[in-house]
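Participant: Sequence and predicted structure are below.
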Amino acid sequence: MTHPNLLVELFVEELPPKALQKLGDAFAGVLLEQLQAQGLAAAGSRLTAYASPRRLAAHITEVAASAADKAVSQKLMPVAVGLGADGQATPALLKKLAALGADASAVASLERVHDGKADVLFYNSTAKGATLAEGLQKALDEAIARLPIPKVMRYQLQDGWSSVHFVRPAHGLVALHGTEVLLSVQALGLAAGNATHGHRFEAAVDPVVITSADSYAQQLASQGAVIASFAERRAEIARQLAAAAAKVGNGARPIDDDALLDEVTALVERPNVLTCSFEKEFLDVPQECLILTMKANQKYFPLLDAAGKLTHQFLVVSNITPADASLVIGGNERVVRPRLADAKFFFDQDRKKTLASRVEGLGKVVYHNKLGTQGERVERVRSIAKAIATQLGDAALVADADQAALLAKTDLVTDMVGEFPELQGTMGRYYALNDGLGETIADAIEDHYKPRFAGDALPRNTAGVVVALADKLETLVGMFGIGNLPTGDRDPFALRRHALGVLRMLVEKDLPLDLHALLASAVPAFGDKITDASAALADFIYDRLAGSLREQGYSAQEVDAVLALRPQRLAQVPQFLAAVRAFAALPESPALAAANKRVGNILKKAELESPVDAHVNPALLQEQAEQDLFAALQRFVPEANARFAAGDYTASLQTLAVLRAPVDAFFDDVMVNAEQLDLRLNRQGLLKTLHEAMNRVADLSRLAV
């Protein structure tokens, strides 16, 4: 039997655009989930979510008018408690049955089940399935309660007394099962009906009376001038943007910005893309400034040419479609002009002062109440950058890194960045070039914030890498030093992102820098403002590295084995992982990993008594098995070490795979903890030599099952 489809719509005042898609998906998703849980919607029921600026709706296929009855078996009490010696019901049993709506006549039908300890009485009954009106009411209440509302409003209902809490005031509720209105369903003080409203200005009729659940989207489009589906509206906007750009010609294309497209989709009910323009003189301003002001303030789509350069034309997504669009176009052009004029004014004013002249102003900008001003912070970044540059290059790199670090934050006190904080770094580059500082310094100033997010590009030149590392290390060391650590989802200073940025630069740029030395070089820059929390910070960085490596496809065992040794040169970690993966594939691997674990346990126990020296006296090797293991170590360890020193970590580990047979024989035939002290110490020394040789790349015991 085919059941009718269901349509539910909440008609509201304009919803917050950045949350609209999430609200629509959540509303529809919870409705379906709740109806399925009650047996009213089938497992294969299809869901279509609708979300426009003034409505949240859901269309669900195959919804039953009532759920099937269910057999219910309820445990009551032990037979000894429920029935007396004469087999008659006790008062306790009669009271329990009464609570379930049954009387004494039900005693005869009670089922006896042995639960492993005693016989227990069960009452079997049939629970009537919920009607759709009942089930939908419950589902609707749950969907409203669980909406991810960014900020709740409280508003008064029409009765003048009651008030409700919701994301925006609601003015209509539609609940249609096929063509039937579910009149008893209510929400937010509204009774369900079949009438909604279309576009504020362009609806053909008002109200729009929905004739059936399946005609909802079509009627809203034809009678209400509304594209109800968020996805369809978004696709239509993208299509119109592409068509308008193609009409402009010369390879023009709208800027690619999914977040802007989503936001505009949430602002209009029937999109109409129009082409506008501004005076070409504004193109003298850096295009990042113009693009940002058009996107952020006006929700416009700037047009780029085939080379990616900003043009003087832009696209507007209007919510109305007048016969003559000239007034709409002219209005938008008038609105954007003062914004662009402000950007030009800021740019012109900022260039009247050099970046170097702004350094002093950073001393008046508070960075953190425990860490001082931005001026003090700049000095710390310079100190750390000098230390890093000294390890990586010559005097020229030190000088470039120092100058870039000195000027990197100066654009924070410019008018342009004061108006558009998102442009910090970007404007620093433009102003550095204006000051004649050259590409190297300018690029380093812009790039010192990189990587800003996952997948972002790394700094373009070595000076930029040095300053970016110094900047992120200053933040990490400083915040850890004052105990300002991330907790749960809270990470106001983006320390996790900074740690990942440090890791990416060290690994992807293959930098010959040791983590311990990096942290040690950063701490002195703070003087007595912080306590040294390098150990905790190193753990934090290794945790971020472990998570990143697992996301890249390495197994937890592989990552654990490599990071257990706390490798200092993180650029080597990918090579270590490749070597471990190749070693794990060898047939000798499981036995050697298990033996390595056993060796580690023996040495730990021995170390509790006294330090074990990796020294072997050949004259004390009595058993053939220990002589053979010593000979194998003498032969193959130098070769493995040479390959390790050459950076061939895979070959280094594979060279040691031949030790499986002598290691197995050693444990079969030799008593390590001999009673004779010199023999015991010599055998422990032999095992320590083996342990050190096998664990230069990774702790192979972590591969043991």
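Facilitator: Arrived safely.

Participant: so the closest residue to Leu47 other than its chain neighbours is in which element?
Facilitator: Using Cβ to Cβ, 6 or more residues apart in numbering and skipping residues adjacent in sequence, the residue nearest Leu47 is Leu32, 4.7 Å away. For every residue, glycine as well, the C-beta is placed using N, CA and C. Using DSSP states H and E, the element containing Leu32 is helix 20-37.

Participant: mean confidence for that helix?
Facilitator: Across helix 20-37, pLDDT averages out at 94.

Participant: ok so, going back, dump the residue contacts of the residue nearest to Leu47.
Facilitator: Leu32 makes contact with 41, 45, 47, 58, 60 under the criterion Cβ atoms under 8 Å, 6 or more residues apart in numbering.

Participant: Would you agree the fourth one falls within a strand?
Facilitator: When you say that, I think you mean Ala58. Yes - under DSSP: H, G, I helix; E, B strand; the rest coil, Ala58 falls within a strand.

Participant: Please list all residues in contact with the residue nearest to it when sequence neighbours are not counted.
Facilitator: Once flanking residues are discounted, Ala58 sits nearest to Ala28: 3.6 Å by Cβ to Cβ, 6+ apart. Applying Cβ under 8 Å, 6+ apart, we find Ala28 in contact with 47-50, 56-58, 60.

Participant: Tabulate the residues you listed (JSON lines), appending pLDDT and neighbour count.
Facilitator: Conversion of those to JSON lines gives the following (pLDDT from 0 to 100; neighbours: other Cβ atoms under 10 Å):
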{"residue": "Leu47", "pLDDT": "95", "neighbour count": "17"}
{"residue": "Thr48", "pLDDT": "96", "neighbour count": "17"}
{"residue": "Ala49", "pLDDT": "96", "neighbour count": "23"}
{"residue": "Tyr50", "pLDDT": "97", "neighbour count": "26"}
{"residue": "Leu56", "pLDDT": "97", "neighbour count": "27"}
{"residue": "Ala57", "pLDDT": "97", "neighbour count": "25"}
{"residue": "Ala58", "pLDDT": "96", "neighbour count": "27"}
{"residue": "Ile60", "pLDDT": "95", "neighbour count": "26"}
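
Participant: which one of those is nearest Gly464?
Facilitator: The nearest member of those to Gly464, counting by Cβ to Cβ, is Ala49 at 44.9 Å.

Participant: Please identify which helix or strand holds the closest one.
Facilitator: strand 47-52.

Participant: Direction included, what does that strand pair against?
Facilitator: As defined by DSSP bridges, the strand partners of strand 47-52 come to strand 55-60 (antiparallel).

Participant: Quick check: buried residues in the next helix-or-strand element following the partner strand?
Facilitator: Using DSSP H and E, the helix or strand that follows strand 55-60 towards the C-terminus is strand 70-78. Buried residues in strand 70-78, defined by neighbour count with 16 or more other Cβ atoms under 10 Å: Leu76.

Participant: strands paired with strand 70-78, and their directions?
Facilitator: As defined by DSSP bridges, the strand partners of strand 70-78 come to strand 119-127 (antiparallel).

Participant: Just the buried residues of the strand it pairs with, please?
Facilitator: Neighbour counts over strand 119-127 (16+ other Cβ under 10 Å) mark 120-121, 123 as buried.

Participant: which among the contacts of Leu32 gets closest to Gly251?
Facilitator: Nearest to Gly251 among those, with distances taken as Cβ to Cβ, is Leu47, at 40.7 Å.

Participant: in the sheet, who's paired with the closest one?
Facilitator: With DSSP bridges as the criterion, Leu47 is bridged to Ile60.

Participant: pLDDT below threshold where in the stretch 101-250 of the chain?
Facilitator: Scanning the stretch 101-250 of the chain for pLDDT under 70 picks out no residues.

Participant: what sits against the residue most central in space within the chain?
Facilitator: Centroid-nearest residue in the chain, with Cα atoms, centre = their mean: Ala454, separated by 9.3 Å. Each residue near Ala454 by Cβ under 8 Å, 6+ apart is listed here: Leu500.

Participant: now swap in the one 5 residues further on and tell me
Facilitator: The contact partners of Pro459, by Cβ under 8 Å, 6+ apart, come to 443-444, 447-448, 450, 465, 467-468, 505.

Participant: ok, now Ala385?
Facilitator: Applying Cβ under 8 Å, 6+ apart to Ala385 gives the contacts 401-402, 404-405, 466-467, 469-470.

Participant: now do Glu639
Facilitator: Taking Cβ under 8 Å, 6+ apart, we find Glu639 in contact with Thr655.

Participant: Look up how far His691 lies from it.
Facilitator: Relative to His691, Glu639 is positioned 18 Å away (Cβ to Cβ, to the nearest Å).

Participant: go on, Ala325?
Facilitator: Applying Cβ to Cβ to Ala325 and His691 gives a distance of 79 Å.

Participant: quick one: Cys276 is in a helix?
Facilitator: No - checked against three-state DSSP, Cys276 lies outside a helix; its state is strand.

Participant: burial measure for the nearest residue to Leu407 once chain neighbours are set aside, as a count.
Facilitator: Of all residues not flanking Leu407 in the chain, Leu355 sits nearest, at 4.6 Å (Cβ to Cβ, 6+ apart). The tally of other residues near Leu355 (other Cβ atoms under 10 Å) stands at 26.

Participant: remind me which residues of this protein are low pLDDT?
Facilitator: 1, 705.

Participant: gap between the two ends of stretch 176-187?
Facilitator: Chord length of stretch 176-187, first to last residue, is 14 Å (Cα to Cα, to the nearest Å).

Participant: got the buried residues for it?
Facilitator: Using 16+ other Cβ under 10 Å as the test for burial, stretch 176-187 gives 176-177, 181-182, 185, 187.

Participant: Mind picking the two most distant members of those residues?
Facilitator: His177 and Ala187 (15.8 Å).

Participant: Mind jotting down where the helices sit in the stretch 451-600 of the chain?
Facilitator: Here the stretch 451-600 of the chain has its helices, by DSSP state H, counting those that start in this stretch, at 462-481, 495-508, 515-522, 534-551, 556-563, 573-584, 589-609.
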